[in-house]
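S.K.: Build me a structure from this.
(2 chains)
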Number of protein chains: 2
Amino acid sequence: MIKFSQCVDSMRTSEIRDLMSVAMRPDIITFAGGMPNNDLFPVEEIDEIYNGLDDKTKKIGFQYGPTPGYPPLIESLKEYLRSKGLPVDTNEIIITSGSLQAINIITKLFVNPGDTVITENPCFIGGTSAFKSYQANIVSVPLDSNGIIMSELKKAMEGEAKNAKLLYLSPYFHNPAGIIYSKKRKEELLKYLDGKEIILIEDDPYGELYFDESSKELTVPMKTIQPEVVPICYTGSFSKILGPGMRLGWLLASPEIINKAQLAKQSMDACSSTFTQVLADQFLRKGKLNSYVERLRITYARRMNIMNDSLQKNMPQEAKWVVPKGGFYIWISLPEHIDATEILKESMSRGAIFVIGKTFDPMGVKNNCLRLAFSHTPEDEIERGVKIIAEALKARL
Amino acid sequence: MIKFSQCVDSMRTSEIRDLMSVAMRPDIITFAGGMPNNDLFPVEEIDEIYNGLDDKTKKIGFQYGPTPGYPPLIESLKEYLRSKGLPVDTNEIIITSGSLQAINIITKLFVNPGDTVITENPCFIGGTSAFKSYQANIVSVPLDSNGIIMSELKKAMEGEAKNAKLLYLSPYFHNPAGIIYSKKRKEELLKYLDGKEIILIEDDPYGELYFDESSKELTVPMKTIQPEVVPICYTGSFSKILGPGMRLGWLLASPEIINKAQLAKQSMDACSSTFTQVLADQFLRKGKLNSYVERLRITYARRMNIMNDSLQKNMPQEAKWVVPKGGFYIWISLPEHIDATEILKESMSRGAIFVIGKTFDPMGVKNNCLRLAFSHTPEDEIERGVKIIAEALKARL
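M.R.: Next up is the predicted model:
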């Protein structure tokens, strides 16, 4: 009889994993996975970069690197983040294995078992699983189309989340909610947080993927506003702007936090892949990122429009959603009494899948929403898939 | 004032990190880093593999992979482990970011704060740091030239380590001790453990690197003996047989343990780099590993012999060591009253460095030993470096 530790109790199988095997079937149209389409990856650019590396640099890629990251990548990333207005000179960077590892490390540094973490509801499941793996008590606060609802946040922070250690937010093209925080909401938030004893995780993996230039100003991180009203851990990722298979993300935070983060990472995996860090460095250094991301914005905007148009044509009026200004997702809200699991079953039998709402509720309960990712579905399948879901929904309404 | 969690208290900066900046100086001969030499990496093989990948497979490398690992790599790794006699059909595999992540995950699964973990003394520092990061109470048991000292292990397991959750061993070309467990010692160990409530971590990153064919039989893992007397988590790594920069290792364990390990990894980094997993799969699948490792064995054996010869010529008689039959390290023991930190200072001022003994003592105390790695020092520098250390030692004896 094997006895597992206490933290194992808080782990659960995600609903997404089970869906993925269905998603492999060729007869299924999938809006489930929150990932780029394989055909969008910058394969030519990386081919050129790999074959242009000198022997010495290639060998460095095979070797252990320093725990904070491959030094040239830290430099080129610094320049990239500086161009976004981020305070790279007073803060430090650690390269992590995806931004998920950054979130995991921050949780390790600040959360003792039973401590409270405030999240949005809905919330990125990677965040939820990292917090739960440290036996955090999660208090989640609902979103509206402009961000976290301030009155609800105040109620939480003056009540059950009074001594919360972390506030975890994904303000830019939220996964799964698809929204972006308004400038006003960010100002209200920072004003309210001023002087509170809490660490803010500002998670920003999708910020580059705005659909038109006018939305760009909305993607300015709160971390750019100095001095900080509370310590901000700014996390980001190469997953959406190069490829998740590189497993590279970062944390930008105060030297004090980064110093401890290095110790934590030393005990986790020593360093992230030097091989992929060498490639990511050249991708930034040779200016390939900007032209690639430009291509992505156009593609994702087109896919979103196809999806949005067919939703408008086909969905019953009970279905509501905010048209996203960037990112990967449309989040469909249904009347409270609807159970997304039932819709999914019906829809799956007709040939289309998505992720059900309760996957993103940290309590695993609220289930009247559907997450539809438009990022990886072939464009000529989107309309057909949406129709199937709309029919499934009508059959169950 | 930032308040860190309890586990941060147990993290410490390793002595190795500080040494690394000295090791970069061109005037310094270093035996410090436990890494392959950059010139040994299979760059040509990986070039050939990368450029031979079809477009579809390359794109898979850019994408998220399943948490347990890239399925073709799991298959090819299974064949590789099967050829070593390991029970791959009744156990399962998870690909990890180095074997360190495997050790970290196992600790997460079994260790609550304050629980005891038994290690060897000396012990791989990655193991020590992983155990400490979960606030484990470490009880370490000394080694002799044939492995863990059974009378000491019994004393520990019947005394202060009575309820230990994990027993962590590196039986094959130990880092830092350089020894390999004798067949007899392994038998005694398994006989003693039979029926005990403990999980054995059998960590085997160096096993392939035996210096002559007659030592090969010593590298047969305890995990090959079925049924297991206690649950065995067998961990390994591509770091020494392909390159640490790939950040790929594995855990072979019972389906029950692997199932939980997947949940833990999901909350840590979702998956290891698919990009490097695709390359590692082809490296195995195309039979490149065997010819490459054959080359490594010859090279490391030659380096070890150069180091051993010059140690015999130059070291004072107070210095004792076991001539390694494989791996990366010679571990020099000195009389109890000698402080390796003093020797290191003297030696560094003369131009050669190594890692001091207490780095590998989980208590950070015992300091009358030196770890000399012969794996990455240019062959024409080994003798000069050994002479410097010998002189430094004589000056301080």
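S.K.: List the buried residues in the helix ranked longest in chain A.
M.R.: Assignment by DSSP state H gives helix A:288-314 as the longest helix of chain A. Neighbour-count burial for helix A:288-314 flags A:288-289, A:292-293, A:296-297, A:299-301, A:303-304, A:306-308, A:310-311, A:314 (criterion: 16 or more other CB atoms under 10 Å in any protein chain shown). (Each C-beta comes from the backbone N, C-alpha and C, glycine too.)
S.K.: Now look at that helix and say if it contacts chain B.
M.R.: No - Helix A:288-314 stays clear of chain B (CB under 8 Å from any CB of the partner chain), getting no nearer than 11.7 Å.
S.K.: Looking at the following helix or strand past that helix now, give me its mean pLDDT.
M.R.: Sequence-wise, the next helix or strand downstream of helix A:288-314 (DSSP states H and E) is strand A:329-333. Averaged across strand A:329-333, the pLDDT comes to 98.
S.K.: rewinding a little: just the angle for the longest helix of chain A relative to strand A:329-333, thanks.
M.R.: Computed by axes from the mean of the first three to the mean of the last three CA atoms, to 10 degrees, the angle separating helix A:288-314 from strand A:329-333 equals 30 degrees.
S.K.: next one: helix A:288-314 to chain centre, how far?
M.R.: Relative to the mean C-alpha coordinate of its chain, helix A:288-314 is positioned 18 Å out (CA atoms, centre = their mean, to the nearest Å).
S.K.: And for stretch A:58-77?
M.R.: 24 Å.
S.K.: same deal with stretch A:77-96?
M.R.: 19 Å.
S.K.: Could I get the CA-only coordinates of it as PDB?
M.R.: The C-alpha trace of stretch A:77-96 is given here as PDB (Å, rounded to 0.1, in the frame of the first residue of the first chain):
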ATOM      1  CA  LEU A  77      14.800  39.300 -23.700                       C
ATOM      2  CA  LYS A  78      15.600  42.300 -21.600                       C
ATOM      3  CA  GLU A  79      15.700  44.500 -24.800                       C
ATOM      4  CA  TYR A  80      12.400  43.000 -25.900                       C
ATOM      5  CA  LEU A  81      10.800  43.700 -22.500                       C
ATOM      6  CA  ARG A  82      12.400  47.100 -22.400                       C
ATOM      7  CA  SER A  83      10.700  48.000 -25.700                       C
ATOM      8  CA  LYS A  84       7.300  47.200 -24.000                       C
ATOM      9  CA  GLY A  85       8.200  49.700 -21.300                       C
ATOM     10  CA  LEU A  86       8.900  47.100 -18.600                       C
ATOM     11  CA  PRO A  87      11.400  48.000 -15.800                       C
ATOM     12  CA  VAL A  88      14.200  45.700 -16.800                       C
ATOM     13  CA  ASP A  89      16.900  47.700 -15.100                       C
ATOM     14  CA  THR A  90      15.600  47.700 -11.600                       C
ATOM     15  CA  ASN A  91      14.200  44.100 -11.900                       C
ATOM     16  CA  GLU A  92      15.800  40.900 -12.900                       C
ATOM     17  CA  ILE A  93      14.800  38.000 -15.200                       C
ATOM     18  CA  ILE A  94      14.800  34.200 -14.700                       C
ATOM     19  CA  ILE A  95      14.100  32.000 -17.700                       C
ATOM     20  CA  THR A  96      11.600  29.300 -16.800                       C
END
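S.K.: Other residues contacting that stretch?
M.R.: By CB atoms under 8 Å, 6 or more residues apart in numbering or on different chains, the residues outside stretch A:77-96 that reach it are A:67-70, A:73-74, A:102, A:105, A:220-221, A:223-224, A:226, A:234-236, A:248-255, A:258-259, A:261-262, A:265, A:271-272, A:277, A:284, A:289, B:269.
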